[in-house]
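Asks: model the structure of this input:
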Amino acid sequence: MGERFPDVDWHCDRCNAYLNSQSGFDDHKYIWKCTECGHKNSISASNVYESEEDYRSGNNY
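Replies: Sure thing, here's the model as predicted:
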């Protein structure tokens, strides 16, 4: 089974760690607990942004 969100780089909302490279990461899971800080991140289409600027301003993709 392929990725649910191909070409999307996921980062922790708390510590900004790169989630895609964390052991066991799977974007088919709707919640991912960051292995760096333990924050539970939502993995959903509503959290996909074109850029960090869009993320900071709240402009979804």
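Asks: residue ranges in the chain under the pLDDT threshold?
Replies: Applying pLDDT under 70 to the chain flags the ranges 1, 61.
Asks: in it, which spans are helices?
Replies: 52-57 (DSSP state H).
Asks: find the centremost residue of it, please.
Replies: Nearest to the geometric centre of the chain sits Trp10, at 3.0 Å (Cα atoms, centre = their mean).
Asks: do you know how far it is from Lys29?
Replies: 11 Å (Cβ to Cβ, to the nearest Å). Bear in mind the C-beta positions are built from the backbone N, C-alpha and C, glycine included.
Asks: hmm, back to that, how about the contacts made by the residue nearest to the centre of the chain?
Replies: Contacts for Trp10 were tallied using Cβ atoms under 8 Å, 6 or more residues apart in numbering; they are Tyr18, Leu19, Asn20, Phe25, Asp27, Trp32, Asn41, Ile43.
Asks: rerun that using 6 Å as the cut-off
Replies: For Trp10, the contact set (Cβ atoms under 6 Å, 6 or more residues apart in numbering) comprises Leu19, Asn20.
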